[in-house]
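Asker: this one's sequence-less:
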C-alpha cells in the first residue's frame, strides 16, 4: 500500500536464455467456455473473440486483452499499457502450465515446491517428489 508503480517498483522483460527463441512471454488468463451450443451463445463467444468484446474489461484496469485488434489506448494505467505492449511484441506467447494443473497442484504443491527450490530451502528431487505426491489420482 502507498507504493507507486514506476517509482517504488517496476517490471522488465526478462531476456530469453537463447536468442534462437526470440522474445517469448509466459502468461496466465481466464478461459471462456460454451456449455450450450445455441446461436445466441455462439454469437457471444464470437464477440468475446474480438478486441471489442473485451474493451470494457480492459478500460476498467487489471485486464490485458489477448487480441491483436485491441488498442493500447484502452489501457488506463502505464503498467497495464506496458504489459500489453510487451505481450504484443512477443515472438511467442505461452500459457502458464500451473494454471492448467489441478488447483491443489498448480496453486499448491507446484507453487510451494518451485518456491522452495528457487529459495534453496529444498533440493530439486525433494521439490519434484512433493509436487508428484500432491497430484490427484482420480
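Answerer: Okay, I see it. All values derive from a computational prediction rather than experimental measurement.

Asker: Identify the residue nearest residue 5 in space, chain neighbours excluded?
Answerer: Distances taken as C-beta to C-beta, 6 or more residues apart in numbering place residue 79 nearest to residue 5, at 4.8 Å, with adjacent residues excluded. Quick note: C-beta positions are derived from backbone N, CA and C, even for glycine.

Asker: and if you look at residue 27?
Answerer: Computed as C-beta to C-beta, 6+ apart, the closest residue to residue 27 that is not its neighbour in sequence is residue 93, at 5.7 Å.

Asker: I'd assumed residue 87 was in contact with that neighbour.
Answerer: Yes - with contact defined as C-beta atoms under 8 Å, residue 93 reaches residue 87; the gap is 6.2 Å.

Asker: joint contacts of those two?
Answerer: 25, 27 (C-beta atoms under 8 Å, 6 or more residues apart in numbering).

Asker: Three-state assignment for the residue nearest to residue 5, please.
Answerer: Under DSSP: H, G, I helix; E, B strand; the rest coil, residue 79 falls in the helix class.

Asker: could you measure the residue nearest to the spatial centre of the chain against residue 97, distance?
Answerer: In the chain, the C-alpha nearest the mean C-alpha coordinate belongs to residue 28, at 1.7 Å (C-alpha atoms, centre = their mean). Separation of residue 28 from residue 97 (C-beta to C-beta, to the nearest Å): 10 Å.

Asker: so after the least confident helix or strand in the chain by mean pLDDT, what's the next helix or strand?
Answerer: For the chain, counting by mean pLDDT, DSSP states H and E, helix 97-100 ranks last in confidence among helices and strands (a mean of 86). On the C-terminal side of helix 97-100, the nearest following helix or strand under DSSP states H and E is helix 103-104.

Asker: I am finished for the moment; much appreciated.
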